[in-house]
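Engineer: compute the structure for the input listed below.
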Amino acid sequence: MNLDELLKEYAELETQLADPAVHADQSKARTLGKRYRHLTPIVGTYRELEGVRDDLSAAKELAGEDEAFATEAEELAARIPQLEEKLRHLLIPRDPNDDKDIIMEIKAGEGGEESALFAGDLLRMYLRYAERLGWKTEVIEAQHSDLGGYKDVTVGIRAKGDEGVWSRLKYEGGVHRVQRVPATESQGRIHTSAAGVLIYPEAEEVDVQIDPNDLRIDVYRSSGPGGQSVNTTDSAVRITHVPTGVVVSCQNEKSQLQNKESALRILRARLLAIAQEEADAAAQAERKSQVRTVDRSERIRTYNYPENRISDHRVGFKAYNLDQVLDGELNAVTQALIDAETAEKLAQHS
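Structural biologist: This is a model prediction of the structure:
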């Protein structure tokens, strides 16, 4: 969409949002309001740029009569490229999922119990990061390991404002490698293990229509670490989406109904990801780059405990504050990835 079309859309949104009838439908009003707020900085920057250009033209005309206008013309001329660059950044095509919340899965990989403990460390890092940003988190499903780690854990993360969680955490999908002396190591040797992270944009019911006839739902007795039964009723739920073969299991909640709702929530997110992959080759390539196998050799990031170092191998980011990052100070890492993507998009559209 070009700038003229965006300006026209913005004017139409202003008209719609001024109509009291629109606000009778709260869902529609929220959608229109979110789009309006997204376009506001673009339109504001464009109008500022046009205003500076007009002022520059006037200052140039008067510069011969008054030296002050000549100085003003120089200052205005210097602002124009800055505003043009700002507008260019704002016009970069947005990821359609950037406003969405996410469902995150963290899976232990090679390394046994040590990998499961590392999966727990990653979970804590993301929960602390979310807490710092005022986001809401919810552990939807978890399979604990014997030493207190996680074989597999699924968490929902939701933002409070307009900025979606996806816009900042979509880059976390992939294999995360850790180098440290495990708690299970008696000789003090450094081991390498890995955990995988998968990120899905949270899907609303309107995003994904699921035909109940396409679902096979099985119920069973939930179990805790080591396989012992933790519930005397068949409250755990396994849902199979027959057309795609996607299987989701939930046993975290106490009731069968709650587990079914949680499983459907995860299923919707996975089906949305599949639909977007099929519709968008770029999204498909991105999803493939997340986790193929949780193998130590396929990694996006390394957490080196002896050196207190974190390295993101995709953008060459490196910092020696691993302890702070693991405590949720992820902003520098995520910003490096956002900046790299922005630079790539600018290069594609220059």
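Engineer: what residues does stretch 180-188 touch?
Structural biologist: Contact with stretch 180-188 is made by 111, 113-114, 117, 147, 189-191, 193, 303-306, as judged by CB atoms under 8 Å, 6 or more residues apart in numbering. Placement of C-beta: from N, CA and C, glycine included.
Engineer: among those residues, which are located in strands?
Structural biologist: In strands, defined here by DSSP state E, the members of those are 191, 193, 303-304.
Engineer: in JSON lines: those residues, plus pLDDT, distance to residue 338 and neighbour count.
Structural biologist: Listed next are the ones in strands among the contacts of stretch 180-188 as JSON lines, based on pLDDT from 0 to 100; distance: CB to CB, whole Å; neighbours: other CB atoms under 10 Å:
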{"residue": "191", "pLDDT": "89", "distance to residue 338": "32", "neighbour count": "16"}
{"residue": "193", "pLDDT": "91", "distance to residue 338": "28", "neighbour count": "24"}
{"residue": "303", "pLDDT": "97", "distance to residue 338": "20", "neighbour count": "22"}
{"residue": "304", "pLDDT": "97", "distance to residue 338": "23", "neighbour count": "18"}
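Engineer: out of those, who's nearest residue 32?
Structural biologist: In terms of CB to CB, no member of the ones in strands among the contacts of stretch 180-188 lies closer to residue 32 than residue 303, at 42.8 Å.
Engineer: can you tell me the closest non-neighbouring residue to that closest one?
Structural biologist: Leaving aside its chain neighbours, residue 303 sits nearest to residue 178 (4.7 Å; criterion: CB to CB, 6 or more residues apart in numbering).
Engineer: what of residue 266?
Structural biologist: Using CB to CB, 6+ apart, the nearest residue to residue 266 is residue 248, at 4.8 Å.
Engineer: can you give me the strands in the stretch 51-200 of the chain?
Structural biologist: Listed in chain order, the strands of the stretch 51-200 of the chain (DSSP state E, counting those that start in this stretch) span residues 102-108, 136-144, 150-158, 174-180, 191-201.
Engineer: distance to residue 266 for those strands - can I get that in a markdown table?
Structural biologist: Conversion of these to a markdown table gives the following (distance: least, CB to CB, whole Å):
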| stretch | distance to residue 266 |
| --- | --- |
| strand 102-108 | 6 |
| strand 136-144 | 7 |
| strand 150-158 | 6 |
| strand 174-180 | 19 |
| strand 191-201 | 8 |
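Engineer: so which of those is nearest residue 16?
Structural biologist: strand 191-201 (25.9 Å).
Engineer: quick one: list the elements packing against the closest one.
Structural biologist: Helices and strands touching strand 191-201, as assessed by 3 or more CB pairs under 8 Å, 6 or more residues apart in numbering; DSSP states H and E, comprise strand 102-108, helix 112-132, helix 166-169, strand 174-180, helix 256-279.
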